[in-house]
Structure formats: C-alpha cells, structure tokens
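Student: sequence? don't have it. structure:
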C-alpha cells in the first residue's frame, strides 16, 4: 500500500497531466518563435521605450531577447499556467473528504501522514514533469528564434517557475488538509497566488515598496532575472524551505483534525 496511493494518484490524474503537458509545450512554441518577427518590425523597442517592461518589473532583465522571453514566458504565461496547474491538482485531494472516498483510503493499512506525503510526492512528480516539458519547449523556441540566451539560464528560469508552482501547490495542500473543503481550498490558494503576484509587481514599481517583493514567492522564482544571471541557489532554496514548511504544517493539521469521513 505504501506505493499504491502515489501510483493511484498518478493514474487518476494521468489524462489531466497529459493535457497540461501538451498545453505547456504548445504555449512556448507559439509565443517564443514570434520574437524574430517582432524584432524585425521594431516592436520590441517600442514596447521597452514605452515603459511597459518597467511597469511589469522587468527593467533590469537585460536585452531585447531576454526581456521578451521573460515578459511572455516567465513573468506572465509560464507562472500563470503552472500555478493554475498546481492549484488544480493539489486541490483534488480536498475533494476526497467531501465525496466520502477518503475513508476508503484510510481504511487501508496507511497512516494519515503517509497518505498526505504520497499525495504530495505525486504532485511533486507531476510538477517536475510539466516543468521539464515547459523548460525544454522554451529552450527549443528560443533556439529557433536565435535569441542567443544560454540554455542554462533558460533552465534556471524554468526551475524557478516549477518551484513556484510547487510552493503554491504546497499551500493548496495545507488549506485542503486544514479544511477538507475543495471550494474553500481553491479559493484561498488562488488568493494567496494573486497576492504574491501583486506584491512582486507592486514592489518592483515603487522604490519605497521594494520590501513587498521579498514577501512573495514570485520574487524568489524570477526576481533575480535568471535569464540574465543564471542559477540563484539561495533564492531557489527559499522556495524549497517554503514548500517544506507548507507540507510540514499540512501534515500536522491533517494528522490531528477530526475528519469528516
């Protein structure tokens, strides 16, 4: 039974995982190669000159190629899709209590802690899969558009977005473990993600509000401009700590709570 909850979760969600994998491969392949066209038309210079990069907190990203890739994939589309993916998949665990299927799992020789850990392990594996697909798709698109951005930097940015998604997934798991209510779980997780996104962007636009960025997981995922600077193990480590903390609290709450089963 130790492996069955993990594998059962992957089996139950395999269609959704395939669909998300296709979407996270297709989106970069649609947007990233368009860089060549925008560059020839001079559109990118107009956008940067209009202050849009600064408004999105991308003034320090670097050249046109890095700015375009960051704005489309790593400051907007990538985090948005990955966070929705994590919330959706992590939130499904909360619905088992409402539907009454949780008691069937707990009737097996497995502890609550073991059950939740395996659920998180499945989420981590799924997140790793879609992150890898997303990163490789961006890498292929960037090469086809002759962006000349180091592959390692692109993978560093993808890793940041992946850990960001898993952080939000951990928070979703925590709320689900505390409440057992799917609607509330999804709502709170979405609110936390939106607050983090706004804190990162608002902090970037105002010198006096720069401290807000350090409260946001988005900052530690993409705030150090990995497309220009490469891997920042310290920032990624912060996300790992946040994930561990969320899962740890979720385990404690789930183990002690009176379950509605």
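Tutor: Sure thing, it's come through. Being a predicted model, the structure only gives us computed values, none of them experimental.
Student: what is the burial count for the closest residue to residue 126 other than its chain neighbours?
Tutor: Leaving aside its chain neighbours, residue 126 sits nearest to residue 17 (5.5 Å; criterion: C-beta to C-beta, 6 or more residues apart in numbering). Any C-beta I mention is one placed from the backbone N, CA and C, and that applies to glycine too. Residue 17 has 18 neighbours, counted by other C-beta atoms under 10 Å.
Student: equivalent analysis for residue 200, please.
Tutor: By the criterion of other C-beta under 10 Å, residue 200 has 25 neighbours.
Student: could you do residue 246 as well?
Tutor: By the criterion of other C-beta under 10 Å, residue 246 has 22 neighbours.
Student: does it really touch residue 166, like I thought?
Tutor: No. Using C-beta atoms under 8 Å, residue 246 is not in contact with residue 166; the gap is 9.3 Å.
Student: residues in contact with residue 173?
Tutor: Contact analysis of residue 173 by C-beta atoms under 8 Å, 6 or more residues apart in numbering lists 90, 93, 116, 119-120, 123, 246-247, 250.
Student: sorry, that was for residue 185
Tutor: Applying C-beta under 8 Å, 6+ apart, we find residue 185 in contact with 91, 94, 172, 175-176, 179.
Student: repeat for residue 202
Tutor: 209, 212.
Student: let's see 10 Å
Tutor: 57, 209-210, 212-213, 216 (C-beta atoms under 10 Å, 6 or more residues apart in numbering).
Student: how close does residue 89 sit to residue 82?
Tutor: Note on residue 89: its distance to residue 82, by C-beta to C-beta, to the nearest Å, is 11 Å.
Student: name the residues contacting each of these two.
Tutor: What both residue 89 and residue 82 touch, as defined by C-beta under 10 Å, 6+ apart, is the set 20, 127, 130, 165, 169.
Student: of those residues, keep whichever come out buried.
Tutor: Buried by 16 or more other C-beta atoms under 10 Å: 20, 127, 130, 165, 169, out of the shared contacts of residue 89 and residue 82.
Student: ok, which pair from those is furthest apart?
Tutor: Using C-beta to C-beta, the two most remote members of these are 20 and 169, lying 12.8 Å apart.
Student: any common contacting residues for those two?
Tutor: By C-beta under 10 Å, 6+ apart, the residues touching both residue 20 and residue 169 are 82, 85, 88-89, 126.
Student: in strands, which of the residues you listed appear?
Tutor: Residues of the shared contacts of residue 20 and residue 169 located in strands (DSSP state E): none.
Student: from the residues you listed, pick the one nearest residue 225.
Tutor: Among the shared contacts of residue 20 and residue 169, residue 82 lies closest to residue 225 (C-beta to C-beta), at 18.4 Å.
Student: just checking, that closest one touches residue 169?
Tutor: Yes. Counting by C-beta atoms under 10 Å, residue 82 does reach residue 169; the two are 9.4 Å apart.
Student: picking up where we left off before, which other helices and strands does whichever strand or helix holds the residue nearest to residue 126 contact?
Tutor: Using DSSP states H and E, residue 17 sits in helix 14-31. Packing contacts for helix 14-31, counted by 3 or more C-beta pairs under 10 Å, 6 or more residues apart in numbering; DSSP states H and E, involve helix 64-69, helix 78-99, helix 112-144.
Student: most packed of these?
Tutor: When these are scored by mean count of other C-beta atoms under 10 Å, the highest mean neighbour count falls to helix 64-69 (a mean of 24).
Student: show me what that helix is packed against.
Tutor: Against helix 64-69 (3+ C-beta pairs under 10 Å, 6+ apart) you get helix 14-31, helix 35-41, helix 43-49, helix 52-55, helix 112-144, helix 151-179, helix 226-229.
Student: same thing but 6 Å
Tutor: Counting contacts by 3 or more C-beta pairs under 6 Å, 6 or more residues apart in numbering; DSSP states H and E, helix 64-69 is packed against helix 226-229.
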